[in-house]
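Undergrad: Everything below, folded, please.
(2 chains)
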Amino acid sequence: MPNSALTFAKRSLSLNKIQYVMGIVLASIGILVLNFGNVLTINVLVNGRVALASVTPLVLGILLFAMPVILLYVYDKNNGVLEYLLSLGWNQGDIFKRYLKAALFLALTIFIAEFTVNVVISVVIGTQVTIILGLVVLAVTAALGFSVVSFVTVAMVAFSSLQKQRVGANSPLALMLGSWIVFHTFLLAYILPFFIGVLIELLIAGVVGALSIVLLILSSRLIRREKNASITEGYA
Amino acid sequence: MHVLELNNVTSGYNGQAVLHDISFKLKEPSIYVVLGPNGAGKTTLFRTIAGILEPFSGKILFDDQNITTSGKARTKISYLSQYNAMPEEMTVYNALKFYSDIEGGDPDEVIDLLDLGQLKNKRFSDLSQGQKKRAAIAKVFLFERDLYLLDEPTANLDPSISKEIRDIILKLSKNKMILYSSHNLYEATDIGTYLILIKNGSVTLFDKISNIKPKQYRVGIKASTDISKIIDARRGEGDYFVLNVSSPEEAGLALRKLVENGVLVTEMRQLDNPLQELFEIPKRNVEKTQKESQQIAK
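TA: Alright, predicted model coming up:
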């Protein structure tokens, strides 16, 4: 089975450009927040809090950028593409993994952009301390971003597979689920000291990542066939 | 030689059986037409053979491998569903490339084979129904398989496009085992060698089409004069005189009699499709079969 995550990622790009643009906008806001802290104050405590708060828009940017894959999944289900892939000898696990890879590929793409732009800006306008802060925040962003994208993608493709009726709200639902998981980062930044906040966020990322692996294993075993009422009702 | 074997297969959706205790064995490369009225269970049969639906009971074996549990067995099968199953946002070439990256095969080769050169750079969603179907068929023949499942490939197409699609399938079907579903009697006789008749989820007949003889033939005759005084024909549909005979030979004898009497016969043809009478089934039998299958499904 050749790796076509790139093809799936490109296909989802062509389906929903607005989400990509919104993802880029949010990522840009995250970079601004992260680096404006550097410019506005030299207080490490304040810098740490501002830096940690920037994780929220940075991760939401990643999430928005990757979520058109959910739309692609529903689209492919409704067009019979998934059914055809099953008939080629794939199982649900293969299908779930292919869309998950595409989502992670997109997440990686925007994360690399976030990382590069941020490193360049912080090298130009930051200090040694703020550069280190920035790198720590990017590490948290990567851990949380990839784990949340994995969890939301697996949860939503499994949910979409079980749907009998064609409904169009899966992508917004995925964003709501992801945002709900990510939102704590914004609060933690104001409640906890920087490094404790970082540790807790890494812990949450680990738990969410582990959950997504468990969900992937369980869903591909439990959901063995697609549900599709349009087929069951329309054609005998 | 490849063998497809269905042993007492009951299948359906959400615990409700649509197919009831189906058994048959295909042993030779040929076109097997699965014929049945709308709602008979043809699509359910195809989806079950393709491994998309899991049967409630029974086994489907292809070359002795269980299709339901073996992904490897399914790689020998290609399935054209009533959906075109093509990424609609892509061009025809890219959509075929998308599948060739997954299953192998050369998009350029099938584009040539199905004469899709003019369409290859057009978006799939911009094509007409007939063009879409041709591209979808190209996808099925991308990679050489041992068994092709073609589910009503000419549904919703106009007669000339349907004929074109059938011709393509006939061209590509040499030495292949093809299951071809249709609810069109004329299409079945046009393309098929074998007939699998399915009604209300049960197989009611499996035979060579050439072996299926109607009990009575209705022959339409167009002639220059009133022939009802010469043979036992009555004026019927349109300009035809209708003659009821029990065999084609009897129709030949009637024609000879007309010619001997100096009648100019301008047309003579069978008015009904030989498979037409197969579509009728006693209602009582259907209800009995359905009850039994629901018990199996439970």
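Undergrad: When you work out contacts or count neighbours from here on, use the C-alpha atoms and nothing else.
TA: OK.
Undergrad: domain ranges for chain B?
TA: Annotated domains of chain B cover B:4-211, B:217-271 [automatic domain parsing].
Undergrad: Can you check which of these gets nearest to A:S14?
TA: Among the domains of chain B, the nearest to A:S14 by CA to CA is domain B:4-211 (7.6 Å).
Undergrad: Centroid-nearest residue for chain A?
TA: Taking CA atoms, centre = their mean, the centroid of chain A lies closest to A:V149, which sits 2.7 Å from it.
Undergrad: Next to chain A, which bits of chain B? Give me the list.
TA: Contact residues, chain B versus chain A (CA under 8 Å from any CA of the partner chain): B:13, B:18, B:38-44, B:50-54, B:70-75, B:77-81, B:83-87, B:89, B:98, B:101-103.
Undergrad: Okay, now the unreliable bits of chain A?
TA: A:1-3, A:37-47, A:165-168, A:223-236 (pLDDT under 70).
Undergrad: all helices of it, in order?
TA: Secondary structure of chain A by DSSP state H: the helices cover A:5-15, A:17-40, A:44-53, A:55-66, A:68-79, A:81-87, A:92-125, A:128-162, A:170-182, A:184-191, A:194-222, A:229-234.
Undergrad: Show only the entries of the residues of chain B next to chain A found in strands.
TA: The strands, defined by DSSP state E, take in B:Y13, B:V18, B:I77, B:S78, B:Y79, B:L80 from the residues of chain B next to chain A.
Undergrad: For the residues you listed, pick the one with the most neighbours.
TA: With neighbours taken as other CA atoms under 10 Å in any protein chain shown, the top of those is B:Y79, carrying 28 neighbours.
Undergrad: what number of residues lie near A:L203?
TA: Using other CA under 10 Å, A:L203 has 15 neighbouring residues.
Undergrad: low-scoring stretches of chain B, by residue?
TA: Those would be B:274-298, if you go by pLDDT under 70 across chain B.
Undergrad: circling back: mark which of the residues of chain B next to chain A are buried, thanks.
TA: Applying 16 or more other CA atoms under 10 Å in any protein chain shown to the residues of chain B next to chain A, the neighbour count classes B:13, B:18, B:38-44, B:50-54, B:70-71, B:73-75, B:77-81, B:83-87, B:89, B:98, B:101, B:103 as buried.
Undergrad: Can you tell me which of the residues you listed end up in helices?
TA: Among those, the residues falling in helices (DSSP H) are B:K42, B:T43, B:T44, B:G71, B:A73, B:R74, B:F98, B:D101, B:E103.
Undergrad: Any chance of TSV for these, columns distance to A:G93?
TA: Shown next, in TSV, are these (distance: CA to CA, whole Å):
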residue	distance to A:G93
B:K42	28
B:T43	24
B:T44	23
B:G71	12
B:A73	17
B:R74	16
B:F98	19
B:D101	19
B:E103	17
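Undergrad: so how many other residues sit close to the residue nearest to B:K139 when sequence neighbours are not counted?
TA: In space, and not counting its chain neighbours, B:K139 is closest to B:L96: 6.0 Å by CA to CA, 6 or more residues apart in numbering or on different chains. Other residues within reach of B:L96, judged by other CA under 10 Å, total 27.
Undergrad: give me the element B:L96 is part of.
TA: helix B:92-103 (DSSP states H and E).
Undergrad: So which elements touch the helix or strand that that helix is followed by?
TA: Next along the chain after helix B:92-103, taking DSSP H and E as the criterion, comes helix B:107-113. Other helices and strands packing on helix B:107-113, by 3 or more CA pairs under 8 Å, 6 or more residues apart in numbering or on different chains; DSSP states H and E, are helix B:92-103, helix B:129-140.
Undergrad: Go again with 10 Å.
TA: Using 3 or more CA pairs under 10 Å, 6 or more residues apart in numbering or on different chains; DSSP states H and E, the elements in contact with helix B:107-113 are helix B:92-103, helix B:129-140, helix B:159-172.
Undergrad: What is the second one packed up against?
TA: Packed against helix B:129-140 by the contact rule (3+ CA pairs under 10 Å, 6+ apart) you find strand B:77-80, helix B:92-103, helix B:107-113, strand B:147-151, helix B:159-172.
Undergrad: which residues touch the first one?
TA: Defining contact as CA atoms under 10 Å, 6 or more residues apart in numbering or on different chains, one finds that strand B:77-80 is touched by A:80, A:83-89, B:46-47, B:49-51, B:62, B:67, B:85, B:133, B:136-137, B:139-153, B:177-180.
Undergrad: quick one: strands adjacent to that strand?
TA: Strand B:77-80 has the following strand partners under DSSP bridges: strand B:147-151 (parallel).
Undergrad: I'm done for today, thanks for sticking with me.
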